[in-house]
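Participant: Show me the folded form of this:
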Amino acid sequence: MADTLAPTEPAAESPAEAPAPAVRVPPARRRLNRLVLGAALAWLVLLLVEWAADGRIWLGHLVGIVPPAAFALVPLLLAALAPLARGAARWRSLAAAALALLVGFGQSGFDPAALWRSEPRPGPDSVRVFAWNTNSWNQLLGTQDHFYAFLKAKDADVYLLHEYQHVTADRKGRLPVDDLARLRREFPGYEVAVRGELVTLSRFPILRQPAVGPAGDLPAGADWQAEYRENKVLRTDVRVRGRTVSFYNVHMPVWNSMPDGLLSAAFYRHMRERFAPRRAQYAGLEADLAANRNPVVVAGDFNATAAMSDLDPLRERLDDAADVSTDPYPTSWEEGGWKPFWRTDWAFTGNGAKAERYEFNEPEKLSDHAVQDLWVALPGNG
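Facilitator: Numbering: from 1, shown residues only. This next block holds a predicted model:
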């Protein structure tokens, strides 16, 4: 008799083979994940948009409003918040924050190496340079006696002074001043060079004052308003102990009109109108430096922060004097109000000239800009 096979029962699934129940992420957790990741990605996208716009279109100058420190502090904050997210959102947030820090740190103005630099000690042959925005030649703050006493106390070899001017009652117009007699009386033995709003005083002989950039197109006998508008770089070639050194006194046009406010049409009209003149001034300075083989010192109020691309060609060609500073986050504006968050005043050296000491000092309530104190070693003298 043939064996009959009993019908087999289907094998029961073992607990290990049973499908795992779907994990439901609470709505609040999903929202937090999206918020943390979205913030990190938004900041990264903002950086890329700023990189594409700054220096190429006039709206790109809006980056100048942002305190440069934000380009380091915001991604660090985003990285600190990333653990609030869970799963893939956490790691994506961390990656976006790290990439943002990598991309933006060069715009932050931070110099961590300053923390372990030794205190600079200028050599006996260093040339001391004092560069300062005088705030409309002390028209608005302090007294003239205090102003001149402050300047003389610095005992610099070369002074690079800006805003040799007064302003109209509404502070929108610029007027010439004539203080040369007092300047020569207060600084006997110094030679004086003046162009528009720029004044250079030198203990050393001034050999020549070649025009730089748009100033080269000014006709002879141009009026002061034209000189003010076009002369934003005063170059003086000075004879220092047998060597010719070029000092560039710089005050670039400001890109904004903050008194009008960010929400006003005048603010953006001003940005648009100043974009091309600023570019022309920077291009003129860069072209002159490229053709100049003398040791160079370039200092002044550039109306640009570390976050802005205007300074990139200068920072690539020359040495930033702050490379010898012991301040990890140097700032120069706005003095007298909030603690300054911006550095708009810069100093550079090149062609053998080297900064030995560099620092920002208080303007004694005479200006909204800190003063730049710079000691420079020249080739053969360092």
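
Participant: next one: stretch 104-112 to chain centre, how far?
Facilitator: Distance of stretch 104-112 from the chain centroid (C-alpha atoms, centre = their mean, to the nearest Å) equals 11 Å.

Participant: Would you mark the buried spots in that stretch?
Facilitator: Using 16 or more other C-beta atoms under 10 Å as the test for burial, stretch 104-112 gives 104, 107, 108, 109, 110, 111. Every residue, glycine included, has its C-beta placed from N, CA and C.

Participant: Of these, which is the nearest to residue 277?
Facilitator: residue 107 (23.5 Å; C-beta to C-beta).

Participant: What about the buried residues of stretch 104-112, which are in helices?
Facilitator: Among these, DSSP state H puts residue 104 in helices.

Participant: what's the neighbour count on the residue lying closest to residue 173 once chain neighbours are set aside?
Facilitator: Nearest residue to residue 173 in three dimensions, chain neighbours excluded: residue 167, at 6.6 Å (C-beta to C-beta, 6 or more residues apart in numbering). The local packing of residue 167 (other C-beta atoms under 10 Å) involves 16 other residues.

Participant: phi, psi of residue 167?
Facilitator: Per-residue torsions, residue 167: phi -120, psi 160 (degrees, to the nearest 10).

Participant: okay, it: pLDDT?
Facilitator: You'll see residue 167 listed with a pLDDT of 88.

Participant: ok, it to residue 257 distance?
Facilitator: Using C-beta to C-beta, to the nearest Å, residue 167 is found at 14 Å from residue 257.

Participant: so is residue 188 in a helix, a strand, or just coil?
Facilitator: The three-state label given to residue 188 by DSSP: H, G, I helix; E, B strand; the rest coil is coil.

Participant: I meant to write residue 51 there.
Facilitator: Secondary structure for residue 51, judged by three-state DSSP, is helix.

Participant: What ranges in this structure fall below the confidence cut-off?
Facilitator: By pLDDT under 70, the low-scoring segments of the chain are 1-25, 142, 335-339, 381-382.

Participant: For the stretch 1-150 of the chain, just list every one of the strands.
Facilitator: Secondary structure of the stretch 1-150 of the chain (DSSP state E, counting those that start in this stretch): strands located at 127-133.

Participant: same check, this time on the stretch 151-300 of the chain
Facilitator: Assigned by DSSP E, counting those that start in this stretch, the stretch 151-300 of the chain shows strands spanning 158-162, 166-167, 174-175, 191-195, 198-202, 206-208, 233-240, 243-251, 296-301.

Participant: out of the buried residues of stretch 104-112, which one sits closest to residue 37?
Facilitator: Closest to residue 37, out of all of these and judged by C-beta to C-beta, is residue 104, at 18.3 Å.

Participant: Report how many residues lie close to the nearest residue to the closest one once chain neighbours are set aside.
Facilitator: Spatially, and ignoring its direct neighbours in sequence, residue 104 is nearest to residue 71 (3.7 Å; C-beta to C-beta, 6+ apart). Neighbourhood size, residue 71 [other C-beta under 10 Å]: 25.

Participant: For residue 261, give me its contacts.
Facilitator: Residue 261 makes contact with residue 267 under the criterion C-beta atoms under 8 Å, 6 or more residues apart in numbering.

Participant: Revised request: answer the last question for residue 380.
Facilitator: Residue 380 sits in contact with residue 243, where contact means C-beta under 8 Å, 6+ apart.

Participant: With residue 127 instead?
Facilitator: Residues in contact with residue 127 (C-beta under 8 Å, 6+ apart) are 157, 158, 240, 245, 297, 375, 376, 377, 378.
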